[in-house]
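S.K.: kindly generate the corresponding structure for this input.
(one chain, ligands or ions: 2)
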Amino acid sequence: MAYNGEEVQSQDYLFKIVLIGDSAVGKSNLLARFARDEFYSNSKSTIGVEFQTQKMDIDGKEVKAQIWDTAGQERFRAVTSAYYRGAVGALVVYDISRRPTFDSIGRWLNELHTHSDMNVVTILVGNKKDLEDCREVSTAEGQALAEAQGLFFMETSALDSSNVAAAFETVVKEIYDILSRKVF
Ligand code: GDP
Ligand code: MG
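M.R.: Ligands and ions are numbered 1, 2, ... in the order given. Prediction:
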């Protein structure tokens with residue numbers, strides 16, 4: 001079978017990325033904004049979606065991210081181990097306007113580490129940054145937690161799109177870089 005540089009370059013990468021975090025922090029809307037440039041003012045976006053495959057361009061190479069949404073399982077504190085299986089990246093999301101969702105982050109990180117590889121590339125995401133007037137968690141607090149846990153960090157808004165693509169791309173690019181170092 002032919003094997004040359006060109007083939008290596010056009011190799012298909014498919015990375016499983018999971019979205020986790022408390023109910024209503026905006027996980028489904030982050031995915032809807034990123035994958036379809038849509039936003040839902042109700043929770044309709046949660047229903048039925050299992051994962052979306054999104055093509056991304058990383059350093060001129062096509063990479064596919066298979067992004068998993070909980071489909072509301074987190075409401076019952078019942079995200080299954082199957083959800084985490086094989087994940088190489090995670091977005092752990094809280095809502096900057098609701099402190100309890102930030103307080104839950106430790107529990108989500110524990111769950112992530114219980115069910116998946118310790119090396120899963122993780123970004124802490126403070127969503128709803130458009131709700132500045134109702135902010136309950138400062139940017140500095142988010143940053144400090146991320147640093148303490150060795151995570152990437154970004155504040156996003158699925159409503160006004162800010163940093164949404166950047167958050168997903170940060171994770172996928174890091175996974176790609178790690179993999180590239182191993183392969184070449
Ligand atoms: P999930 O349960 O984590 O999937 O959260 P959803 O994506 O269903 O969002 C929960 C609610 O928050 C919905 O009413 C969304 O319209 C709203 N929402 C999601 N993201 C944002 C955001 O960035 N800004 C604002 N203001 N509302 C948001
Ligand atoms: Mg949802």
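
S.K.: show me where the protein has helices.
M.R.: Using DSSP state H, the helices of the chain run over residues 5-9, 27-36, 81-84, 99-103, 105-115, 139-149, 164-183.

S.K.: in the second one, what counts as buried?
M.R.: Neighbour counts using 16 or more other CB atoms under 10 Å place 27, 28, 29, 30, 31, 32, 33, 34, 35 of helix 27-36 among the buried residues. In this view, the C-beta of every residue, glycine as well, is placed from N, C-alpha and C.

S.K.: please list which of those residues are also close to ligand 2.
M.R.: The residues of the buried residues of helix 27-36 that also fall near ligand 2, by CB under 5 Å from the ion, are 27, 28.

S.K.: of the buried residues of helix 27-36, which are in range of ligand 1?
M.R.: With CB under 6 Å from any ligand atom as the criterion, those include 27, 28, 29 near ligand 1.

S.K.: now the residues you listed in JSON lines, with distance to residue 78 and pLDDT?
M.R.: Formatted as JSON lines, those follow (distance: CB to CB, whole Å; pLDDT from 0 to 100):
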{"residue": "27", "distance to residue 78": "15", "pLDDT": "95"}
{"residue": "28", "distance to residue 78": "17", "pLDDT": "92"}
{"residue": "29", "distance to residue 78": "21", "pLDDT": "94"}
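
S.K.: make CSV out of these and add distance to residue 19.
M.R.: Converted to CSV, these look like this (distance: CB to CB, whole Å):
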residue, distance to residue 19
27, 4
28, 8
29, 10
